[in-house]
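*Asks:* How does the following fold in three dimensions:
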Amino acid sequence: MQILVDADDHLHGSQDLTARIEGVVEGALERFSERIIRVEVRLSDLNSRRPGERDMCCHMEAHAGGLKPIAVSHEAVTLTEAIHATAAKLERALHHALGRVKSKPVRAPVAERDDPAEGLGDFESL
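*Replies:* Residues are numbered from 1 along each chain as shown. Now for the predicted structure:
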């Protein structure tokens, strides 16, 4: 899983910050690591240098094979809180999306079935 980190001009994106973000993302998404190709992380300070509530924003977008990109974001007072909350949101979104893919029933096309009524379920009695 590749993790790309980008910070806007108002934040200082150091190597230490990048390493910490990679650790948070890897820890939150390790059970999906075989399915995820890339995670893009964007950090921004919404109010620039002016103090304010919930002005730190973290946006994460996961690219998993066979699915559309899954994106989440969170605004918080501190950058640390924004990163952790966004990683948790992304974990839940991936669990939901990948769970749906696994739980979809696979049926053979009608032409390949021995009995054309197979797969009709409750509609057989109609």
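*Asks:* In the chain, which residue is most central in space?
*Replies:* Centroid-nearest residue in the chain: Leu90, 3.8 Å away (criterion: CA atoms, centre = their mean).
*Asks:* wait, doesn't that one sit right on Ala28?
*Replies:* Yes: assessed by CB atoms under 8 Å, Leu90 is found in contact with Ala28 at 6.9 Å. The C-beta positions use only the backbone N, C-alpha and C, and glycine is treated the same way.
*Asks:* what helix or strand is the residue nearest to the centre of the chain on?
*Replies:* Per DSSP states H and E: Leu90 is located in helix 79-103.
*Asks:* Quick one: mean pLDDT for that helix?
*Replies:* The average pLDDT for helix 79-103 rounds to 86.
*Asks:* Just checking the distance from that helix to the centre of its chain.
*Replies:* Average the C-alpha atoms of helix 79-103, do the same for its chain, and the two points are 5 Å apart (CA atoms, centre = their mean, to the nearest Å).
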